[in-house]
Each structure stands twice: as structure tokens, then as C-alpha cells.
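Novice: Turn this into a model:
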Amino acid sequence: MLRFYEGWFLVVLVLDIFCVIDIIQSREGEVRNLPKIAWLLLVLFFPLVGSIAWLAVGRPSRQPAGRSPYERSAPAYPEYDRPGRAAGVSAESDDEFLRKVRERAEEQRRRAAEQKKAAQEESEGGGDGSER
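Specialist: So this is what the prediction gives:
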């Protein structure tokens with residue numbers, strides 16, 4: 001009878017250690033139902049119940065997250081393959097985006113030229129007026 005309890009204790013201890021390590025390694029945003037610290041305290045204070053609860057309802061799902069319709073499905077360049085990176089859905093949306101970028105760049109160039117011209121006029125006008 002004593003060996004059964006020793007074996008049971010070892011199973012619970014190994015399960016508890018596994019769950020504590022799993023909780024620590026999980027990202028805060030992926031943990032389900034409770035904050036990460038609450039899961040850790042639950043597993044430490046109630047080893048068997050907390051461990052089973054963590055494995056059943058707290059552990060992050062290991063399924064890959066689905067992609068949004070604006071994310072690349074098969075990237076041509078692996079350095080750009082990261083979650084949340086948006087790509088144009090159609091050629092028309094790409095063309096519209098590029099048109100807006102060009103318009104914004106032209107507007108910025110125009111403003112910069114006006115500011116430069118105003119600064120030159122100010123420096124030329126300020127020097128002539130103070131000489132009198």
C-alpha cells in the first residue's frame with residue numbers, strides 16, 4: 001500500500017513540475033481563462049487539481065492561428081513571413097495603395113520645398129533689414 005502512495009506522489013509531482021514549466025514558458029497573451037500568475041498560483045497551491053485544470057482549460061491551444069484575408073498565405077521571402085503582416089488582396093488594392101503613397105510623398109515634398117523657400121527668404125530678408 002505504501003508503494004502505491006509513493007508512486008502516486010511521484011506522478012503528481014512530475015505533473016506539477018511539467019505544468020509549472022509550461023505556464024512559465026507560455027506567453028501571457030496566449031494563456032486562456034485566467035492570468036498567467038493566477039494559473040501559476042493555482043498549480044502551486046493545489047497541485048493535482050490545478051495541474052489538471054491548466055491542461056484542460058488554461059493551456060494555450062497549439063493550433064496555428066488562422067490568417068486574416070489580408071495576410072500573405074505563401075510568402076515569397078521568408079524574412080517577411082511574420083503574423084500580422086498585411087498584403088494586398090487584389091491588384092486594384094495594391095495600385096490604390098501605391099497611388100496614395102505617391103500622393104502623400106508629393107505632398108511632403110511640396111511642403112518641404114515651401115519650408116525651405118520660406119527659410120531662405122527669412123534669412124535673406126532678415127540680414128538686409130538689420131543693416132540699416
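
Novice: which helix of the chain spans the most residues?
Specialist: The residue-count maximum for a helix in the chain (DSSP state H) belongs to helix 91-129.

Novice: Return the distance of that one from the chain's centre.
Specialist: Per C-alpha atoms, centre = their mean, to the nearest Å, the displacement of helix 91-129 from the mean C-alpha position of its chain is 34 Å.

Novice: now swap in stretch 28-47 and tell me
Specialist: Per C-alpha atoms, centre = their mean, the centroid offset for stretch 28-47 relative to its chain is 21 Å.

Novice: got the end-to-end distance for it?
Specialist: This stretch, stretch 28-47, spans 21 Å end to end (C-alpha to C-alpha, to the nearest Å).

Novice: Tell me the buried residues in that stretch?
Specialist: 31, 36, 39-40, 42-43, 47 (16 or more other C-beta atoms under 10 Å). For the C-beta atoms, the positions are set from N, CA and C on the backbone; glycine is no exception.

Novice: residues in contact with it?
Specialist: For stretch 28-47, the external contacting residues (C-beta atoms under 8 Å, 6 or more residues apart in numbering) are 12-13, 15-16, 19-20, 23-24, 26, 49-51, 53-54, 57-61.

Novice: now, which of those residues lie within helices?
Specialist: Reading helices off those with DSSP H, I get 12-13, 15-16, 19-20, 23-24, 49-51, 53.

Novice: Tell me the one of those nearest R110?
Specialist: I24 (54.4 Å; C-beta to C-beta).

Novice: Name the SS class of the residue lying closest to that closest one once chain neighbours are set aside, please.
Specialist: Leaving aside its chain neighbours, I24 sits nearest to L40 (7.3 Å; criterion: C-beta to C-beta, 6 or more residues apart in numbering). Three-state call for L40 (DSSP: H, G, I helix; E, B strand; the rest coil): helix.

Novice: Now do L40 against W54, distance only.
Specialist: Distance from L40 to W54, counting by C-beta to C-beta, to the nearest Å: 9 Å.
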